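S.K.: Quick one, fold the following:
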Amino acid sequence: MKTDLTDTTASKINKALVLGRRAIGTPAIGMVLTLVIVTDEENAYDALKAASDAAHEHPSRTLVVIKRVSRSPRDRTKSRLDAEVRLGADAGTGETIVLRLYGDVVDHAQSVVLPLLLPDAPVVVWWPVNAPLDPAGDPLGALAQRRVTDTYACEEPVRELAARADAYTPGDTDLSWTRITPWRSMLAAALDQVDCKVQAVEVEGEEYNPSCELLGMWLADRLDVPVKRTASNGPGLTAVRMDTDCGPVVLDRADGSLANLSIQGQPARAVALKRRETAELIAEELRRLDPDDTYASALRYGVDRLNAPDASDKGGADGGAVAVPAPVGTAAKAPAKDAAQEKTPVKKAAAK
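M.R.: Just a heads-up that it's a prediction; the model follows:
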């Protein structure tokens, strides 16, 4: 069931929701959270499709906030709210409200969204593109317990990671971080199979892929070892090589689907490590609404430290690879006390 409302208000939208639920015979609200998607017209369809697929696992009320650009100075002074209410088969397992904001109301989107939030339910805000530098400081972000951005959609992803670290607030997360969950799990499981000390790591992937930087920062932060970042043609992450005192551990994925895991003294094995769709990434993020301390620690390690060449590698003679000095003092995370709390040996990586 779909209802179009032109030049409307939040109260009229709520009334349309109630009438629509009665019309389709589901007066009760069975949603577990409110997902607010802040996007533009160009990316709205893809974002809503991903959210609808994720709603099969997490039934939610989805509010799509589209800020329309006014064409003339006169139009900018005229505030208007158009809404599209979707229920039943048109909204999957939840409720969908597409909000198009015009004029001055664009700068006060939170006043439109606030009356439409589900009572006593968590709120997640997702910016597929054009996320604010400080998500928690954004008026819409301030309404949420969880704020999801995607540095992969930025023009300068590496620089964006540094800005995210400066503005980090518990509850912030990044789909570029979510993309490496299978990699982190696989690497942690590989190290669980050997009793060796990791001495150095190399992360290989696309040059401007923030997931590669985040994986490198996570490994440097958790293992307290030098990490070398090298560029490849992709797709995405292509390989991680860990040098240990009992031989190399290599996870190599050349085709973006099937990876090869090789451990010294063991037969090589093929492991599924396909690149995931946005709907899978959003569904994973909606499974946990508490702060992700592991992401925060990796982010705060600093992308500048990861990419800064040391004295022995100033010229980048190895084809663009740069080495990271091992963290020292309080900047390194992996003291024995913290490792005991994580129930993970200091020399091994902890999966998310």
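S.K.: Name the secondary structure element that contains Val113.
M.R.: helix 109-113 (DSSP states H and E).
S.K.: just the CA coordinates of the helix or strand just after that helix, formatted as PDB?
M.R.: Per DSSP H and E, the first helix or strand lying C-terminal to helix 109-113 is strand 123-126. Below are the C-alpha coordinates for strand 123-126, written out as PDB (Å, rounded to 0.1, in the frame of the first residue of the first chain):
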ATOM      1  CA  VAL A 123      17.500   4.900  16.300                       C
ATOM      2  CA  VAL A 124      20.200   4.300  13.600                       C
ATOM      3  CA  VAL A 125      21.100   7.000  11.200                       C
ATOM      4  CA  TRP A 126      22.900   6.000   7.900                       C
END
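S.K.: partner strands of strand 123-126, parallel or antiparallel?
M.R.: Its sheet considered, strand 123-126 pairs with strand 33-39 (parallel), strand 146-149 (parallel) by DSSP bridges.
S.K.: a markdown table for the ones you listed, including distance to Val129?
M.R.: In short, each C-beta sits where N, CA and C put it, glycine included. Listed next are the strands paired with strand 123-126 as a markdown table, based on distance: least, Cβ to Cβ, whole Å:
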| stretch | distance to Val129 |
| --- | --- |
| strand 33-39 | 6 |
| strand 146-149 | 9 |
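S.K.: okay, the ones you listed, which one's buried deepest?
M.R.: strand 146-149 (a mean of 26; mean count of other Cβ atoms under 10 Å).
S.K.: Rounded mean pLDDT for that strand, please.
M.R.: Across strand 146-149, pLDDT averages out at 96.
S.K.: What is the burial count for Leu133?
M.R.: By other Cβ atoms under 10 Å, 12 other residues sit near Leu133.
S.K.: Go ahead and report the secondary structure state at it.
M.R.: Put simply, Leu133 is coil when judged by DSSP: H, G, I helix; E, B strand; the rest coil.
S.K.: mind checking which helix or strand the nearest residue to it once chain neighbours are set aside is in?
M.R.: Computed as Cβ to Cβ, 6 or more residues apart in numbering, the closest residue to Leu133 that is not its neighbour in sequence is Ala163, at 5.0 Å. In this assignment (DSSP H and E), Ala163 forms part of helix 157-167.
S.K.: Check which residues of that helix are buried.
M.R.: For helix 157-167, burial by neighbour count (16 or more other Cβ atoms under 10 Å) applies to 157-158, 160-161, 164-165.
S.K.: CSV please, covering these and showing distance to Val201.
M.R.: Output for those, formatted as CSV (distance: Cβ to Cβ, whole Å):
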residue, distance to Val201
Pro157, 21
Val158, 18
Glu160, 23
Leu161, 18
Arg164, 22
Ala165, 20
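S.K.: Closest to Leu116 out of these?
M.R.: Closest approach to Leu116 among the buried residues of helix 157-167 (Cβ to Cβ): Arg164, at 27.9 Å.
S.K.: Now the helix or strand containing Ala44 - C-alpha only, CSV.
M.R.: Secondary structure assignment for Ala44, by DSSP H and E: helix 41-54. Taking C-alpha atoms only, helix 41-54 is exported to CSV below (Å, rounded to 0.1, in the frame of the first residue of the first chain):
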residue,chain,number,x,y,z
GLU,A,41,17.8,11.8,-4.9
GLU,A,42,20.5,10.0,-7.0
ASN,A,43,21.4,7.5,-4.3
ALA,A,44,18.0,7.1,-2.7
TYR,A,45,16.9,4.1,-4.7
ASP,A,46,20.0,2.0,-4.0
ALA,A,47,20.0,2.9,-0.3
LEU,A,48,16.3,2.1,0.1
LYS,A,49,16.8,-1.2,-1.7
ALA,A,50,19.6,-2.2,0.7
ALA,A,51,17.6,-1.2,3.7
SER,A,52,14.5,-3.1,2.5
ASP,A,53,16.7,-6.3,2.1
ALA,A,54,18.2,-5.8,5.6
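S.K.: Run the chain-centre distance for it.
M.R.: Distance, stretch centre to chain centre, for helix 41-54: 15 Å (Cα atoms, centre = their mean, to the nearest Å).
S.K.: Average pLDDT for that helix, rounded please.
M.R.: Helix 41-54 shows a mean pLDDT of 92 in the predicted model.
S.K.: Run through who's touching it.
M.R.: Contacts with helix 41-54, where a contact means Cβ atoms under 8 Å, 6 or more residues apart in numbering, come from 35, 37, 39, 60, 62, 64, 66, 68, 91-92, 94, 96, 98, 126, 128-129, 277-280, 282-283, 286.
S.K.: quick one: stretch 82-92 to chain centroid distance?
M.R.: Using Cα atoms, centre = their mean, the offset of stretch 82-92 from its chain centre is 26 Å.
S.K.: Adjust the sequence numbering to begin at 20 for everything that follows.
M.R.: Right, with 20 as the first residue, what we last looked at is stretch 101-111.
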